[in-house]
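[1] please work out how this folds:
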Amino acid sequence: MKRAIKLRAKADQKARRYTKLLPDAIGAAEDAMIQMDALNQLYNVDVSTYTLLTQALHSNSGQEVLEEHLAQSTPGEEVVIFN
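    Numbers count the residues shown, from 1 in each chain. Now for the predicted structure:
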């Protein structure tokens, strides 16, 4: 039981850390998009400004959903299921 609780706490800690890193990654993708767009215009080419993953995260507001869940929960919070 102790091992399972410890594993659950570690998983929660990782999820929180990665959720906080996601906005940084999306911001870096936006910076790359701006640079790629400038290069596209300079060289008159049409190279994709986003990868499929960053496009999906950017357009679907993936970070906002995760941040909302993060704000509504506390570390170690347990899910209660009623039968």
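[2] what about the most centrally placed residue in the chain, helix or strand, and which?
    The centroid of the chain falls nearest to Leu22 when counting by CA atoms, centre = their mean (3.2 Å). For Leu22, the host element (DSSP states H and E) is helix 2-43.
[3] roughly how far out does that helix sit from the chain middle?
    5 Å (CA atoms, centre = their mean, to the nearest Å).
[4] go on, stretch 34-48?
    Here stretch 34-48 is found 26 Å from its chain centre; the criterion is CA atoms, centre = their mean.
[5] rounded mean pLDDT for that stretch, please.
    For stretch 34-48, mean pLDDT is 94.
[6] can I assume the residue nearest to the centre of the chain is in contact with Leu57?
    Yes. Between Leu22 and Leu57 there is a contact under CB atoms under 8 Å: 7.5 Å. (C-beta placed from N, C-alpha, C; glycine too.)
[7] packing partners of the helix holding Leu22?
    helix 52-59, helix 62-72 (3 or more CB pairs under 8 Å, 6 or more residues apart in numbering; DSSP states H and E).
[8] and the ones you listed as TSV, adding distance to Ile5, mean pLDDT and mean neighbour count?
    Formatted as TSV, these follow (distance: least, CB to CB, whole Å; pLDDT from 0 to 100; neighbours: other CB atoms under 10 Å):
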stretch	distance to Ile5	mean pLDDT	mean neighbour count
helix 52-59	32	81	13
helix 62-72	21	71	13
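[9] what would those helices look like in TSV with distance to Lys14?
    As requested, these are exported to TSV (distance: least, CB to CB, whole Å):
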stretch	distance to Lys14
helix 52-59	18
helix 62-72	13
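[10] among those helices, which is nearest Tyr18?
    Evaluated over the helices and strands packed on helix 2-43, closeness to Tyr18 peaks at helix 62-72, with 8.8 Å, by CB to CB.
[11] next, Thr74: phi, psi?
    Dihedral pair for Thr74: phi -120, psi 150, per degrees, to the nearest 10.
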